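[1] output the structure for:
(one chain, ligands or ions: 1)
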Amino acid sequence: MGKKRRGRDRLLTCESCGRAVPRTKAVEYYKRQVYSTDLKGEENVTTFTGRNVYYCISCAKHRKIFEKNKERARREKERGQRP
Ligand SMILES: [Zn+2]
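    Numbers count the residues shown, from 1 in each chain. Model (predicted):
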């Protein structure tokens, strides 16, 4: 008995073109956002937040998301290996 569930793949929305992309084909990218009050001195507050966004394959290619993810992975690996 094979459990084959076809169809109902979870759909995500491409951040760039708005197309619906199946979960398996979407490219995940962690988008960093920086909020700053732009005040000089002690009162300045900078907050780093981020969220995961998803792109379809063609947008990911166009926006070089693959390279960015690869580069990020490489950097994280290097950092982890350093004593
Ligand atoms: Zn797209």
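[2] per-residue confidence for Gly7?
    As predicted, Gly7 sits at a pLDDT of 58.
[3] what about the protein, any weak spots by pLDDT?
    Applying pLDDT under 70 to the chain flags the ranges 1-9, 82-83.
[4] contact partners for Lys31?
    Lys31 makes contact with 15, 50-53, according to CB atoms under 8 Å, 6 or more residues apart in numbering. Glycine gets a C-beta too; all of them are placed from N, C-alpha and C.
[5] not counting sequence-adjacent ones, nearest residue to it?
    Val53 (4.9 Å; CB to CB, 6 or more residues apart in numbering).
[6] which parts of stretch 52-64 are buried?
    Using 16 or more other CB atoms under 10 Å as the test for burial, stretch 52-64 gives 53-56, 59-60.
[7] in the beta-sheet assignment, what are the partners of the residue nearest the centre of the chain?
    With distances taken as CA atoms, centre = their mean, Tyr29 lies nearest the centre of the chain, 1.2 Å away. For Tyr29, the beta-bridge partners are Val53 (DSSP bridges).
[8] any idea which element Lys77 lies in?
    helix 65-81 (DSSP states H and E).
[9] can you list contacts of that helix?
    27, 29, 55, 59-60.
[10] now do the buried residues in that helix.
    Those would be Ile65, for helix 65-81 by 16+ other CB under 10 Å.
[11] hang on, the earlier thing: need the contact list for the residue nearest to the centre of the chain.
    15, 52-55, 60, 65, 68-69.
[12] who in this structure is up against the ion?
    Within the chain, the positions adjacent to the ion are 14, 16-17, 56, 59 by CB under 5 Å from the ion.
[13] next, give me the two most distant ones among these.
    Spatially, the most separated pair among the residues of the chain next to the ion is Ser16 and Cys56, at 7.6 Å (CB to CB).
[14] before we move on, the earlier item: chain center to the helix holding Lys77: distance?
    13 Å (CA atoms, centre = their mean, to the nearest Å).
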